[in-house]
Every structure is written in structure tokens, then in C-alpha cells.
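Enquirer: okay, sequence plus prediction incoming.
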Amino acid sequence: MQNVVKRIGIAGAGTMGAGMAQVTAQAGYTTIIYDISESMLLKAKSSIEKSLQTLVDKQKITASGKDDTLKLIAYTSNPDELKADLIIEAIIEKLDVKQAFFQKMAELNGNNCILATNTSSIPVTQIAAKIPNPSRVLGIHFFNPAPVMKLVEIISGAETNPDLTNYCKQLIEGMGKTCVMVADAPGFIVNRVARHYYVEGLKIAEEKVASVGAIDQLMESTGFKMGPFRLMDLIGVDTNFSVTSSIYQLFHQDTKFRPSRIQQQKVDAGHHGRKTGKGFYDYE
């Protein structure tokens, strides 16, 4: 295998994209963040600066370390500038959009560029199916917030080169993460198991067994850092709903994965959680 990663591209400047860019830059990699929205890029830049300053304040990194990290990160809204040895996408959870993006990246970057998806639910094999040289397509799935959460799922599609997954595992572990090798399946491991944390919480709320606040309080009192509704607000209610809907379809409408009408209503109203100021809780 000829891949040697020196420059990393991150597609999508949302919470996940900004978090992953911080991780790669802190590990010393030249990093470029791409998003079609200039406002999202500005928000990502502000978020990364704030996150690094918090680390300085906690004496986990030095002020010069913060400055060195920020110097490694560039921002662009022009897809033609997204040239790198490894590209990780964190864009909308839609198969056709991801495939179109990777087709563009394959044309722009050539045959040795590693193409990785941060998808939470769509099988890597489906994403890679229309990409030239699908052996260089894999899943590198970070968890939110990426700078804090240690776990990363490394996912092999049907065509993924095993040497590539091993290389990427070592690469991400070198960034201070703990990697788990995962076979290709809807939701992989964490999102498949965690789905019921959200789905059952929503069912309890739907049935008026307990309020949203009471459900969160109960789960947090038993040891969970965040209840299901606070966690959905952090992740993004829209993102969480999209993942649940995707897994529901991929498992042929298995009722245990049924999306919630309460969550659907929140999405329709634009109440997407912390990022919009309102979700299951009000943050305004």
C-alpha cells in the first residue's frame, strides 16, 4: 500500500467536522475544512478556537500549542481546493449526496487518496459502490464531541483493502483515540446499540409515562452522563432522527427501530437542539 497521510481534508463544518479537524490538527496534520456555507465555516473556526482556549485555560495545552494547531487549519467553500491524502466526510446522511461528493473527490485527488465516511448508519459498501477504486473507501466514525470521545469505529466495506483499514487504525490511534475494527452493517456497533436508548426514551414520552426532564433525570441518576433527550439535543435532533430513519429502513422497517413522531415534529419545527437554540430543551 502506497498511502502516506500528511494532509487531511474534512468535508462538513458542523459539530462533527469541526471536532474532527481539531483532532487531526492537534495531532500535527495539515488540515483543510470544506463546507458550502461560509457561515458554517466561520462558526467552525470560532468553535475550534474556543475549544482550544478551554484546553489552555485547563492547562492541558500551552498557548503556543493552541497557536500551532490553528496554523495547521485552513477553511474553504470551494470543493476544488479540497485536496488531501485522506478525506473524511461528515456531510448530510444521504447516500446519493455522499456518493456524488466522493465521485468529485476521486476525480480531484487521484487513485491513492483515501476516502473515509463518518456516516452513523449507511453501510460503507453502499457508499463505495459507485466510487472509482472502492478498495480505498472505508468508514472512520468519530463520536461527538470528537476532541473528547476516545472511541472511533474503523469500518471495512466489502471491497475495502484490509491493509488500508489497518493503516487507518494506526493513524487514528496515533491521534490518541481508541479504535475498534467493525464489519459493515447498518448502524455498525455503537449506533445500533444506542438507538434503543433514544427510541425507548421517546416511546416513554409518547405514552406520557414520564416527562422528558424526568426521563433524563432518572437515566443520569443511574450513571449515564446524559439522558437521551439532552444527548439528542447535543448531537442534533435532526441528525439523530436521520440516523434512526436510516437504520429503520435498512433493517426493513423493523418496529424496534421505528422513528418517533415526537422527534419528527421537532425536526419539522426546526427545533434541532443546541445548535438552533431549541430542541427538547430551550437554550435561547
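Expert: On my side now, so go ahead.
Enquirer: for burial, what's the neighbour tally of the residue nearest to Lys104 when sequence neighbours are not counted?
Expert: Take Lys104 and drop its neighbours on the chain: the residue closest to it by Cβ to Cβ, 6 or more residues apart in numbering is Pro79, 6.1 Å away. Backbone N, C-alpha and C define where each C-beta goes, glycine included. Residues lying near Pro79 (other Cβ atoms under 10 Å) number 16.
Enquirer: wait, Pro79 sits on Tyr34?
Expert: Yes - between Pro79 and Tyr34 there is a contact under Cβ atoms under 8 Å: 6.2 Å.
Enquirer: rewinding a little: and the residue nearest to Lys104, what does it touch?
Expert: The contact partners of Pro79, taken as Cβ atoms under 8 Å, 6 or more residues apart in numbering, are Tyr34, Lys104, Leu108.
Enquirer: now name the helix or strand holding Ile48.
Expert: helix 38-57 (DSSP states H and E).
Enquirer: got the buried residues for that helix?
Expert: For helix 38-57, burial by neighbour count (16 or more other Cβ atoms under 10 Å) applies to Met40, Leu41, Lys43, Ala44, Lys45, Ser47, Ile48, Ser51, Leu52, Leu55.
Enquirer: dump those to JSON lines, plus distance to Gly17 and pLDDT.
Expert: Formatted as JSON lines, the buried residues of helix 38-57 follow (distance: Cβ to Cβ, whole Å; pLDDT from 0 to 100):
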{"residue": "Met40", "distance to Gly17": "8", "pLDDT": "95"}
{"residue": "Leu41", "distance to Gly17": "10", "pLDDT": "97"}
{"residue": "Lys43", "distance to Gly17": "10", "pLDDT": "94"}
{"residue": "Ala44", "distance to Gly17": "7", "pLDDT": "96"}
{"residue": "Lys45", "distance to Gly17": "12", "pLDDT": "97"}
{"residue": "Ser47", "distance to Gly17": "10", "pLDDT": "95"}
{"residue": "Ile48", "distance to Gly17": "10", "pLDDT": "98"}
{"residue": "Ser51", "distance to Gly17": "13", "pLDDT": "97"}
{"residue": "Leu52", "distance to Gly17": "16", "pLDDT": "97"}
{"residue": "Leu55", "distance to Gly17": "19", "pLDDT": "96"}
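Enquirer: now, which of these sits nearest His252?
Expert: Met40 (34.6 Å; Cβ to Cβ).
Enquirer: correct me, but the closest one touches Gly14?
Expert: Yes - contact between Met40 and Gly14 holds when scored by Cβ under 8 Å: they sit 6.7 Å apart.
Enquirer: tell me the phi and psi of the residue nearest to Met105 when sequence neighbours are not counted?
Expert: Distances taken as Cβ to Cβ, 6+ apart place Ile87 nearest to Met105, at 5.4 Å, with adjacent residues excluded. Dihedral angles of Ile87 (phi, psi; degrees, to the nearest 10) stand at phi -120, psi 130.
Enquirer: what is the neighbour count of Lys177?
Expert: Neighbour tally, Lys177, other Cβ under 10 Å: 20.
Enquirer: just checking, it touches Val152?
Expert: Yes - using Cβ under 8 Å, Lys177 is in contact with Val152, at 4.6 Å.
Enquirer: pull up the overlap in contacts between the two.
Expert: Phe142.
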